[in-house]
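Novice: Everything below, folded, please.
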Amino acid sequence: MPDLQSVRSVVEDHFRWESWARLVERHGVTIDRPFGAAHPDYPSVVYPIDYGYLPGTIGTDAEPVDAFAGTGTQGLVGLILTADRRRGDREVKLLVDCTPPEIYTAHGFINYDRTLLGGVLVLRHPMPVLWKRRDG
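Specialist: Residues are numbered from 1 along each chain as shown. The predicted structure is shown next:
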């Protein structure tokens, strides 16, 4: 499995941000693990931000594409490319309406125990731009 860092630039250059942003606007994010909820299979893992999926999509795991949903209003701000060490697969987890602190929180959550799961952050706009645009 190639290193996630090596595919970051490819994703930055070729991810269809506008198309995915329209899907997010059209379908929204269904939250199935709200802030503070425990993971259904790993109860010691608690979600620090709302987490769910984008209805009408199919990810690499044959389930809808996962998404972290923040408290901002900027729509699709980025994604995290993940590698699950236990299952040996990769996924994309969208970052929707996430403020800069929520982006850092989601990224830290994914990378909490890199022996299990690791992820690389890919932003739609540079972080300094997001800080300038941040809500509230």
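
Novice: right, and the helix or strand after the helix or strand of the chain with the lowest mean pLDDT?
Specialist: Least confident helix or strand, the chain: helix 4-14 with a mean of 66, by mean pLDDT, DSSP states H and E. Going down the chain from helix 4-14, the next helix or strand is helix 17-27, by DSSP states H and E.

Novice: For the helix or strand just after that following helix, name the packing helices and strands.
Specialist: Where DSSP H and E defines the elements, the next helix or strand beyond helix 17-27 is strand 30-33. Judged by 3 or more C-beta pairs under 8 Å, 6 or more residues apart in numbering; DSSP states H and E, strand 30-33 is in contact with strand 50-54. Where you see a C-beta, it was placed from the backbone N, CA and C, and this is true even at glycine.

Novice: the inter-axis angle of the strand it packs on versus helix 17-27?
Specialist: Per axes from the mean of the first three to the mean of the last three C-alpha atoms, to 10 degrees, the angle that strand 50-54 makes with helix 17-27 is 100 degrees.

Novice: i'd like the first residue to be 122 from this point on
Specialist: OK, 122 is where the count begins now, so the last one is strand 171-175.

Novice: Strand 171-175: partners in the sheet, and parallel or antiparallel?
Specialist: As defined by DSSP bridges, the strand partners of strand 171-175 come to strand 151-154 (antiparallel), strand 186-190 (antiparallel).

Novice: contact partners of the last one?
Specialist: Contact with strand 186-190 is made by 145, 150, 152, 170-175, 178-180, 201, 212-219, 223, 227, as judged by C-beta atoms under 8 Å, 6 or more residues apart in numbering.
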